[in-house]
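# What follows is a predicted protein model with its sequence.
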Amino acid sequence: MKRLRVGVLYGGRSGEHEVSLASAAAVFAHLDKKRYEAVPIRIEKDGRWCLADRAPTAMSASDVIEQARLDAARPLRSGREVHMIARPSEETVLSIDRSASRIDELGRATVTGLNLDVIFPVLHGPYGEDGTVQGLLELANVPYVGAGVLASAVGMDKAIMKLVFSAHGLPVGPYRVVMRHEREANGAATLDALESALGYPMFVKPANLGSSVGISKAKARDSLSNALDLAGAYDRKIVVEAAIPEAREIECAVLGNDRPDASVAGEVIPSREFYDYEAKYLDDRSQVIIPADLAPDVSEEIRRLSIAAFKAIDCAGMARVDFLVSRPTGQIFVNEVNTIPGFTTISMYSKLWAATGVDYATLLDRLLSLALERHAGKQQLRTSLA
């Protein structure tokens, strides 16, 4: 049987570039080599696409920084840039060799077409998880794993996501949206409005970023001002949330297209005051409890709400849905949907499915099958009145 050629997209221009390397390393290590031919396509921090001369190998997030240092010391082979053809074609990407030995007498580089059967974007954050790459893949008419343009964009923008959740009647905690230009023009008034509406403590986040990058917990006016400055350094739009009293962080994984399934729920007990970037990736003292210690009816409600949130943004393929559950009241709040969650073997998404009976290799098979299924369905749509 002919192997499927899978283009694995990883890296990217966002602040989550290093996290993507760890996720992609796990994908490369676990794709069945008898069924799939994996093609490593790395997007550098400056946005260049290239055929990597080696796949990433740091599957532990704590090793990612060291891997990045090694990559800097051993740069990719020169002249292997890649460009996706933004139209339906039998050549999905063009590989351009600009090395001196391959330049002809007219100064032209060697260009080679490469067909890919399906794309697996393992990109986190802006310019990868937010619908931009998905739009390019739609133009190329190539199957790809995960959410489409709309769901990716809504899933990345926490402010729009909360509006969609509210429109679907999903429980969302109190929040406000602050635009950076408003904050710069009306600093004191912005702080006054947030204090009046939400009270302390508050969580301040860039609207369009993940992996807890740029997130702060503000307990007083000075820390709120600093938190707004930090979040504003990453995004023009800032989401400020009221802290849920004695919140438990519960997560659930979703897999599927039109009829998605939800995994068992898991709980994260961060080693730090909240689950920030350091607690997620650089500190191994955080605890994960799978399945979470929840009453059966609460666990079932978490699963129901996970599927409802997945459908609310018109998601496909995969997502991890994060919740906050108040200990004093038992109230459940949908916090956010991650359309390309961390994807290492020790990431919550894969661990939740492992606890539900779906191992990592099988999970990859399911995701690639779902990508092909969704693409086949789109090919049945009419694109002309004729």
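Sure thing, it's come through. Residues are numbered from 1 along each chain as shown.

# burial of residue 325, as a residue count?
22 (other CB atoms under 10 Å). To be clear about C-beta, it is placed using only N, CA and C from the backbone, and glycine gets the same treatment.

# Looks to me like it is in a strand.
Yes. Secondary structure of residue 325 (DSSP: H, G, I helix; E, B strand; the rest coil): part of a strand.

# need the contact list for it.
244, 247, 248, 250, 294, 298, 331, 332, 333 (CB atoms under 8 Å, 6 or more residues apart in numbering).

# Mind jotting down where the helices sit in the stretch 101-250 of the chain?
Assigned by DSSP state H, counting those that start in this stretch, the helices in the stretch 101-250 of the chain fall at 132-140, 149-156, 158-167, 180-185, 187-197, 221-234.

# Give me the angle between the longest helix along the chain and helix 132-140.
When the chain is parsed with DSSP state H, its longest helix is helix 360-378. Helix 360-378 runs at 50 degrees relative to helix 132-140, counting by axes from the mean of the first three to the mean of the last three CA atoms, to 10 degrees.

# can you pull the buried residues of stretch 122-134?
Residues of stretch 122-134 classed as buried: 122, 123, 124, 125, 126, 128, 129, 130, 131, 132, 133, 134 (neighbour count, 16 or more other CB atoms under 10 Å).

# end-to-end on stretch 324-332?
6 Å (CA to CA, to the nearest Å).

# so where's the stretch 151-300 of the chain shaky on pLDDT?
210-212, 271-285 (pLDDT under 70).

# Comparing the helices of the stretch 101-250 of the chain, which comes out most buried?
Across those, the average number of neighbours (mean count of other CB atoms under 10 Å) peaks for helix 149-156, which reaches a mean of 23.

# quick one, it and helix 158-167 angle?
Using the same axes, to 10 degrees: helix 149-156 against helix 158-167 is 100 degrees.

# Quick one: distance of helix 149-156 to the chain centre.
10 Å (CA atoms, centre = their mean, to the nearest Å).

# other SSEs contacting it?
In terms of contacts (3 or more CB pairs under 8 Å, 6 or more residues apart in numbering; DSSP states H and E), helix 149-156 is packed against helix 132-140, helix 158-167, strand 332-338.

# Please enumerate the strands of the stretch 1-150 of the chain.
4-11, 36-43, 49-51, 81-84, 93-97, 110-114, 118-122 (DSSP state E, counting those that start in this stretch).

# State the number of residues packed around the spatially closest residue to residue 43 that is not a sequence neighbour.
The shortest distance from residue 43 to any residue other than its chain neighbours is 4.2 Å, reached at residue 11 (CB to CB, 6 or more residues apart in numbering). Counted with other CB under 10 Å, residues neighbouring residue 11 total 28.

# I'd guessed residue 11 sits against residue 40; true?
No. The pair residue 11 / residue 40 is not scored as a contact, 9.7 Å apart, by CB atoms under 8 Å.

# Next, show the common contact partners of these two.
Contacts common to residue 11 and residue 40, judged by CB under 8 Å, 6+ apart, are residue 24.
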